[in-house]
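[1] Okay, sequence plus prediction incoming.
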Protein chains: 2
Amino acid sequence: MNAFDTTEKVTLADVAEQAGVSVMTVSRVVNDRPGVGERTRTRVRHAIATLGYRPNIVARGLKAHRSRTIGLIVPDVTNPYFPAIVRGAEDVAIAHGFTLLLTNVIEDVEREVAALEAFEDRRVDGVIACSPRLSAERLDALLGRHHAAVIVNRRSKPGVAGSVRLDHEYGMRQLMHHLLAIGCRRFGVIAGPVDSHAARERILGIDRETREHGIDVPAANVLAGPPTVEGGESTTRTLLARDPSIDALVCFNDLVAAGALVTLAELGIAVPERIAVVGYDDIPFARMFTPPLTTMRASTYDLGRHAMTMLFERMEGRGHGVDIVLQPELVVRASTRAAAPPA
Amino acid sequence: MNAFDTTEKVTLADVAEQAGVSVMTVSRVVNDRPGVGERTRTRVRHAIATLGYRPNIVARGLKAHRSRTIGLIVPDVTNPYFPAIVRGAEDVAIAHGFTLLLTNVIEDVEREVAALEAFEDRRVDGVIACSPRLSAERLDALLGRHHAAVIVNRRSKPGVAGSVRLDHEYGMRQLMHHLLAIGCRRFGVIAGPVDSHAARERILGIDRETREHGIDVPAANVLAGPPTVEGGESTTRTLLARDPSIDALVCFNDLVAAGALVTLAELGIAVPERIAVVGYDDIPFARMFTPPLTTMRASTYDLGRHAMTMLFERMEGRGHGVDIVLQPELVVRASTRAAAPPA
DNA sequence: TTGAAAGCGCTAACAG
DNA sequence: CTGTTAGCGCTTTCAA
């Protein structure tokens, strides 16, 4: 207990007494509801201010089954891809007077389950799950127990959850198109986690785009790995050992690409002259890599913003079946083309 | 409302009926409390499993005045310095069965106030505030209303909040010592936000270390600015315009240093040959800057871990007056010394 | 326009 | 060992 604890909470009853009215009247004033005379209302407001009354959201939630809280699940805020999603979601939530319950699930399916259950126990009003790894069945079962849900970067049954996602297949095709255009033919792919939905879509994009160009990516040149800098470093070594003739490295995300760049520098392999490198996500530091990284950009802030907006619509019973798909945008930098002379 | 809503929540009473006992007995079983026969206990457990009962933490909180929730305030998760703090704090919280209420306050004092009040309304069990900007009086008043509190990167009255912080003055002296040792004499300082406590401590470190070496940093060479890459870019230009003879740029943090490096590269100024650059924090990407950045490292994960551990102690009434100070560690990289030949 | 009563789901305190 | 009673702070329902 805090030594300076001034926690003697003032309740509706205290205010009611002070104002000489019933708790119900105070409740009406607090919630800006009609049915209170102007004089009484003023008197109650005065009492509220005097006593420093603040409504107990826990008590309100018990009765009203609403907590003004949203559960947000992200794989890992430590991955620069996610913080902006959190910010986008939070800004919308705060504008509605809601607060965020955040959980990092560290690419771990069981932590996803635990988080969803913890949210349920706390009676959150809605849930947003980013890049969930759970199987569709388990996820639907868990989300179905919530009042409203939105999934980011994956589809879902519209009745269970809305979805906001990036068109990863399109994005990857853009990237491959660019690489093919600059003459790359021998691809190495660092594919990211096997259970990642986004990873599968991106692989699909690679396959389709190369196939259309009559080019084949050998299965041995596609390697799964953790979506981290370290993962990128080790996978790059493996890939290069297997096939030294690779002329383009397609990385699951910018972190992996960062690892690839570090390793290539260590090996003395020139980027982009000998090997072109592309990432995905355009994290804030991608432009500062050496060389700056060609990648796909999408506003993750908007992703979070849209997800939360959609969640509020679903919480109000509107907007069912909505599925927002954002198109990422190709950002060409020096990792796939020789540096232009400075302006 | 979710179309697949299976939200008919099962309550203690449902379980009690199913098991043919009173709610109190079920409550005892749920909370692993003594005073229930083994046979009954088993029967109740069975009923719980059958019905899929999960305790309503909101209801429990109303009675028990505990929500198993911790409020965490960070300036901005989008700043790579903070996510690891969140993770460190979260890992400890989850191990105790607690969940995190997270709020980004975006370097905005009024959002700090709003967050602290929102936490109070939700009856969180404790609060951790990272790098708060509020004045000591307002902060103490707000924190005093919470059961327990810990401040990160700033001191507080021990009765009001515990504190976990880095020794910024020491850290900055280390950095300055290093710069002086390699021969830098003409310093430019990008000092960070004026209301930041950490910023003031670091300035103190600069002053003391340079003074001991009989060197003076002109007041005009110390410029406040936002703790961002963009802030670093613009402030670097201003500083260089004022004093082109600067031979070392001391940056508030690594983001600012990143901006400085970008600007220096654009201006064609060689780092470290003409100007040495140092950052602060050792964010994960600091080693990947061009050139890699000399900076002070501290495990922000540990900062978060310690803060949450201390908070739990304070919640239990122990550990009052504790003030943990972590020493950062100098990491010398190429931004202050010519690159060594590759191993 | 106002208020009294009941109860959300749980637990503390006290019976039996 | 088990159950009953009361009430946390609020809102819904119904009555005045």
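    That came in fine, so what should we check first? All figures in this text were calculated on a predicted structure; none of them were measured in a lab. Numbers count the residues shown, from 1 in each chain, chains lettered A, B, ... in the order given.

[2] Endpoint to endpoint, stretch A:175-195 covers what distance?
    The first residue of stretch A:175-195 is 22 Å away from its last residue (C-alpha to C-alpha, to the nearest Å).

[3] Hmm, residue A:58 and residue A:66 touching each other?
    No. Between residue A:66 and residue A:58 no contact is recorded; they are 11.3 Å apart, counting by C-beta atoms under 8 Å. C-beta coordinates here come from the backbone N, C-alpha and C atoms, glycine included.

[4] So which of these two has more stuff around it?
    Looking at residue A:66 and residue A:58 with other C-beta atoms under 10 Å in any protein chain shown, you find the greater number of neighbours at residue A:58, namely 25 against 17.

[5] Look up how far DNA strand C lies from that one.
    Distance from residue A:58 to DNA strand C, counting by C-beta to the nearest atom of the strand, to the nearest Å: 9 Å.

[6] Assess the claim that that residue and residue B:60 are in contact.
    No. Counting by C-beta under 8 Å, residue A:58 sits too far from residue B:60 to count as a contact (9.5 Å).

[7] what about the closest residue to DNA strand C within the stretch 151-300 of chain A, how many residues close to it?
    Here the stretch 151-300 of chain A gets closest to DNA strand C at one residue, residue A:160, 22.5 Å apart by C-beta to the nearest atom of the strand. Using other C-beta under 10 Å, residue A:160 has 21 neighbouring residues.

[8] Excluding residues flanking it in the chain, which one is nearest it?
    Counting by C-beta to C-beta, 6 or more residues apart in numbering or on different chains, residue A:140 is the residue found nearest to residue A:160 once chain neighbours are left out, at 4.9 Å.

[9] what does residue A:282 give?
    The shortest distance from residue A:282 to any non-neighbouring residue, by C-beta to C-beta, 6+ apart, is to residue A:297 (3.6 Å).

[10] Quick check, that neighbour in contact with residue A:284.
    No. The criterion here is C-beta under 8 Å, and residue A:297 misses it with residue A:284 at 10.7 Å.

[11] which of these two has more neighbours?
    Neighbour comparison, residue A:297 and residue A:284: the larger count goes to residue A:284, with 20 against 15 (by other C-beta under 10 Å).

[12] For residue B:255, see how far away the more buried one is.
    Shown here: residue A:284 relative to residue B:255, a distance of 9 Å by C-beta to C-beta, to the nearest Å.

[13] rewinding a little: just say helix, strand or coil for the residue of the stretch 151-300 of chain A closest to DNA strand C.
    Of the three states, residue A:160 takes coil according to DSSP: H, G, I helix; E, B strand; the rest coil.

[14] right, and it touches residue A:149 too?
    Yes. In terms of C-beta under 8 Å, residue A:160 counts as a neighbour of residue A:149; the distance is 6.7 Å.

[15] what about the residue of the stretch 101-250 of chain A found nearest DNA strand D, neighbour count?
    Nearest residue of the stretch 101-250 of chain A to DNA strand D: residue A:123, at 12.6 Å (C-beta to the nearest atom of the strand). Residues within reach of residue A:123, counting by other C-beta under 10 Å, total 23.

[16] Over to residue A:137?
    For residue A:137, the number of neighbouring residues by other C-beta under 10 Å comes to 8.

[17] repeat for the one 5 residues further on
    Here the count is done by other C-beta under 10 Å, and residue A:142 has 22 residues near it.

[18] for it, helix, strand, or coil?
    Under three-state DSSP, residue A:142 falls in the helix class.

[19] Equivalent analysis for residue A:21, please.
    Three states are possible here, and by three-state DSSP the one that applies to residue A:21 is coil.

[20] Just the pLDDT for the residue nearest to residue A:282.
    Among the per-residue scores, residue A:297 shows a pLDDT of 96.

[21] again, but for residue A:124
    Looking at residue A:124, its pLDDT stands at 95.

[22] That one: neighbour count?
    Counted with other C-beta under 10 Å, the neighbours of residue A:124 add up to 27.

[23] contacting residues for the closest residue to it other than its chain neighbours?
    Across the structure, with C-beta to C-beta, 6+ apart as the measure, the residue nearest residue A:124 apart from its sequence neighbours is residue A:71 (4.2 Å). Listed by C-beta atoms under 8 Å, 6 or more residues apart in numbering or on different chains, the contact partners of residue A:71 are A:100-101, A:103, A:115-116, A:118-119, A:122, A:124, A:126-128, A:146.

[24] One more pass at 7 Å, please.
    Applying C-beta atoms under 7 Å, 6 or more residues apart in numbering or on different chains to residue A:71 gives the contacts A:101, A:119, A:124, A:127.

[25] just for the stretch 201-343 of chain A, where's the confidence low?
    Low-confidence regions of the stretch 201-343 of chain A, defined here as pLDDT under 70, cover residues A:338-343.

[26] Which helix or strand contains residue A:321?
    Residue A:321 belongs to no helix or strand when elements are defined using DSSP states H and E.

[27] The closest residue to it other than its chain neighbours: neighbour count?
    With C-beta to C-beta, 6+ apart as the criterion, residue A:321 has its nearest non-adjacent residue at 3.7 Å, and that residue is residue A:158. Burial of residue A:158, expressed as a neighbour count using other C-beta under 10 Å, amounts to 15.

[28] so residue A:158 touches residue A:324, yeah?
    No. When contacts are counted by C-beta atoms under 7 Å, residue A:158 is not listed as touching residue A:324 (12.0 Å).

[29] On the three-state scheme, the residue of the stretch 51-200 of chain A at minimum distance from DNA strand C is what?
    When distances are taken as C-beta to the nearest atom of the strand, the stretch 51-200 of chain A approaches DNA strand C most closely through residue A:63, which lies 3.5 Å from it. Assigned state for residue A:63: helix (three-state reduction, three-state DSSP).

[30] model confidence over stretch A:163-171, on average?
    Stretch A:163-171 carries an average pLDDT of 96.

[31] could you check whether that stretch is close to chain B?
    No. Contact between stretch A:163-171 and chain B, assessed by C-beta under 7 Å from any C-beta of the partner chain, is absent, since the two come no nearer than 14.1 Å.

[32] start to end distance for that stretch?
    Taking C-alpha to C-alpha as the measure, stretch A:163-171 stretches 18 Å from start to finish.

[33] Not counting it itself, show me its contacts.
    Counting by C-beta under 7 Å, 6+ apart, the neighbours of stretch A:163-171 from elsewhere in the structure are A:150-156, A:198, A:201-202, A:204-205, A:280, A:296, A:298, A:303, A:306-307, A:310, A:323-328.

[34] near chain B, which residues of the stretch 51-200 of chain A show up?
    In this structure, the stretch 51-200 of chain A approaches chain B at residues A:54-59, A:61-62, A:67, A:77-78, A:80, A:83-84, A:86-87, A:90, A:99-104, A:117-118, A:120-123, A:144-149, A:159-160, judged by C-beta under 7 Å from any C-beta.

[35] List buried residues within these.
    Members of these that pass the buried threshold by neighbour count (16 or more other C-beta atoms under 10 Å in any protein chain shown) are listed as A:56-59, A:61-62, A:67, A:77-78, A:80, A:83-84, A:86-87, A:90, A:99-104, A:118, A:120-123, A:144-149, A:160.

[36] now, which of these lie within helices?
    A:57-59, A:61-62, A:83-84, A:86-87, A:90, A:118, A:120-121, A:144 (DSSP state H).

[37] DNA strand D next: which of the residues you listed are close?
    Applying C-beta under 7 Å from any atom of the strand, the subset of these adjacent to DNA strand D comprises A:59, A:62.

[38] Could you save the ones in helices among the buried ones among the residues of the stretch 51-200 of chain A next to chain B as a markdown table and add columns showing pLDDT?
    As requested, these are exported to a markdown table (pLDDT from 0 to 100):
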| residue | pLDDT |
| --- | --- |
| A:57 | 93 |
| A:58 | 93 |
| A:59 | 93 |
| A:61 | 90 |
| A:62 | 90 |
| A:83 | 98 |
| A:84 | 97 |
| A:86 | 98 |
| A:87 | 98 |
| A:90 | 98 |
| A:118 | 95 |
| A:120 | 93 |
| A:121 | 93 |
| A:144 | 92 |
